[in-house]
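Asks: predicted model follows, preceded by the sequence.
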Amino acid sequence: MSSSFRIPSVPPSGEVDIAAVFHAVWQQKVLVLFVTIGITLAVAAYAFTATPEYQVSSVLRPAAINELDALNRSGVYQLPPGDALIKVGASLESYETRLNFFRANQALFKPFERPGRTLEQSFDAFNRDSLKLVLPDPKKSDSLSAYIGLGLNYPKGIDGVSVLNKFVDYAIDAEREQIAADLKVIVKNRLTELEGKIEAARSSYKMTKDARIATLQEADNLKRAQLQDELKALRQQIKTARQDRIAQLGEAIAIAKSLGIEKPTTPSALGEKTSTSGGSSVMRTEINNQQIPLYFMGVEALVAERAALLQRKSDDFTEGRIAQIARELQLLQSNREIEVLKQRQNEDLFLSGVEPLRAEVVRLKSLGNLDISNMKLVTVDRKALEPMRPTSPKKLLLLALGLLIGAFLGVLAALARHAVLNGRRVTERAAPLLPNAVTSLHERATL
């Protein structure tokens, strides 16, 4: 038994009938058009209703050398233009500097505030998404000099130009204030160090002066004690000599009395008892190299000398050295060098080796007059300017993308609808033929 059942022909696997696809899409052209227009209108609605966003930028470059010459010539703070640019760049990138600027200019950032957010949370969103620091690529040498760029993305309603320019000025001022504070601390520490050295010189001078005074006083005391000892010894020596002389005179008197010598005489005159009668006088002269005994002075002279020695109150006049000692002791009563040292009024004039220190102190104190409030740390090569057009949304690009995406989705929708409808038709056509085909297959199986 034959059957008229035919299975629909299917294109070989992996092959696509382009003409059939185009025909199917063309049949669904209204659907494609509606989907394309719908998607395009949706994208256009977003493009024309979304809040426009703008972008501004500023570029900083190193300042001229003469701008920092006064600071560098101070000798206590060295800041080359390149380092100054790096410092300002670090300040621009600093989270603390940005947060302080945000707090100080809250009126400029009202659109960034959201209900339920703290000030720090609003700032964090602004800092993370809007403000970007741009540095030159070290691998590229297209820039003739170092620079630092700063970009700001902001929505409509914010004065982005003022925000960026004011922030750059704020960061430069903050870094300038930091440099001024550092300079003040450095100068203060240096002055403290110099004052310490000068004070050490004062202390050293005082110790040297006190040691000199003590040395002079010790030398005077020693000299005085030695002179007093010498004077005491001389006086004792003279007293002993006077007592010895008195004893010698006593013996000589006794001898002179026993010899009957009343007047001074000589040994030869004593041996000759020459008569003085006859009216002539005789003068004798005796020359010998032996000392004549004391008793030849006669009793009268010896008694007179002994009486004078016994009545003497002081023997100082008999020794010239005693007068010299008295003179030296008188001079030791006051040491003029000690008096001069004690009477110095301005002792700083006598400090040694402090002239350079004093000159440095004067120079450092003059740095207090150094005005760095107007010092130009960097050169603002380009300030932020009002942008000509928003950076987003790009309306023409969005419309083109919306049109392409709409057309693509419309084609997909058309193909999907065609596939669904075509499958339904095949099923409806094949349904009446299925029972006959099954019966035929059964009969063939039984034969």
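Replies: Great, that's in hand. Residues are numbered from 1 along each chain as shown.
Asks: residues in contact with L222?
Replies: By Cβ atoms under 8 Å, 6 or more residues apart in numbering, the contact set of L222 is empty. For every residue, glycine as well, the C-beta is placed using N, CA and C.
Asks: read off the pLDDT value for it.
Replies: We have a pLDDT of 95 for L222.
Asks: and for I255?
Replies: 91.
Asks: how much space between it and R176?
Replies: 116 Å (Cβ to Cβ, to the nearest Å).
Asks: for stretch 307-320, buried residues please.
Replies: D315, D316, E319 (16 or more other Cβ atoms under 10 Å).
Asks: so what touches stretch 174-193?
Replies: Taking Cβ under 8 Å, 6+ apart as the rule, stretch 174-193 contacts 71, 74, 76-77, 79, 87-88, 91, 97, 100, 360-361, 364-365, 367-368, 370, 372-373, 375, 377.
Asks: one step back: out of I255 and R176, which sits in the busier spot?
Replies: More neighbours surround R176 than the other of I255 and R176, with 20 against 16 (other Cβ atoms under 10 Å).
Asks: quick check, the more buried one in a helix?
Replies: Yes. Looking at R176 with DSSP: H, G, I helix; E, B strand; the rest coil, it is inside a helix.
Asks: let's see the pLDDT reported for it.
Replies: So R176 comes in at 90 (pLDDT).
Asks: what's the local residue count around L71?
Replies: Number of residues near L71 (other Cβ under 10 Å) recorded here: 20.
Asks: same question for H23.
Replies: Neighbours around H23, by other Cβ under 10 Å: 11.
Asks: which helix or strand contains it?
Replies: Assigned by DSSP states H and E, H23 falls within helix 18-27.
Asks: list the buried residues for that helix?
Replies: For helix 18-27, the neighbour count (16+ other Cβ under 10 Å) marks A24, V25 as buried.
Asks: for the residue positioned nearest the centre of the chain, what are phi and psi?
Replies: Relative to the mean C-alpha position of the chain, the nearest C-alpha, by Cα atoms, centre = their mean, is the one of I186, at 4.6 Å. Dihedral angles of I186 (phi, psi; degrees, to the nearest 10) stand at phi -60, psi -50.
Asks: using the three-state scheme, assign R61.
Replies: R61 is classified as strand under three-state DSSP.
Asks: revised request: answer the last question for Y154.
Replies: Going by three-state DSSP: Y154 is strand.
Asks: now it, nearest residue through space, not along the chain?
Replies: G160 (3.9 Å; Cβ to Cβ, 6 or more residues apart in numbering).
Asks: what's in contact with stretch 146-160?
Replies: Here stretch 146-160 makes contact (Cβ under 8 Å, 6+ apart) with 51-62, 82, 85, 88-89, 92, 108-109, 111-112, 129-136, 163-164, 167-168, 378, 381, 384, 387, 390-391.
Asks: ok so, going back, could you tell me the angle between the helix or strand that the helix holding H23 is followed by and helix 18-27?
Replies: Per DSSP H and E, the first helix or strand lying C-terminal to helix 18-27 is helix 29-49. Taking axes from the mean of the first three to the mean of the last three Cα atoms, to 10 degrees, helix 29-49 and helix 18-27 form an angle of 70 degrees between their directions.
Asks: what mean pLDDT does helix 29-49 get?
Replies: For helix 29-49, the mean pLDDT works out to 78.
Asks: could you list every residue that touches L164?
Replies: L164 makes contacts with V56, S57, S58, L150, L152, A384, as judged by Cβ under 8 Å, 6+ apart.
Asks: one more pass at 7 Å, please.
Replies: V56, S58, L150, L152, A384 (Cβ atoms under 7 Å, 6 or more residues apart in numbering).
Asks: and the pLDDT for the nearest residue to K376 once chain neighbours are set aside?
Replies: Excluding the flanking residues, the one nearest K376 by Cβ to Cβ, 6+ apart is E67, at 4.1 Å. Looking at E67, its pLDDT is 87.
Asks: try T266
Replies: Value for T266, per-residue pLDDT: 78.
Asks: now for it, how many residues are close by?
Replies: Residues within reach of T266, counting by other Cβ under 10 Å, total 14.
Asks: so where do the helices sit in the stretch 201-350 of the chain?
Replies: For the stretch 201-350 of the chain, applying DSSP state H, counting those that start in this stretch gives helices covering 267-271, 299-311, 320-331, 336-342.
Asks: turn the ones you listed into CSV, columns for distance to R245.
Replies: Putting these into CSV (distance: least, Cβ to Cβ, whole Å) gives the following:
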stretch, distance to R245
helix 267-271, 22
helix 299-311, 6
helix 320-331, 18
helix 336-342, 42
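Asks: buried deepest among the ones you listed, which one?
Replies: helix 299-311 (a mean of 15; mean count of other Cβ atoms under 10 Å).
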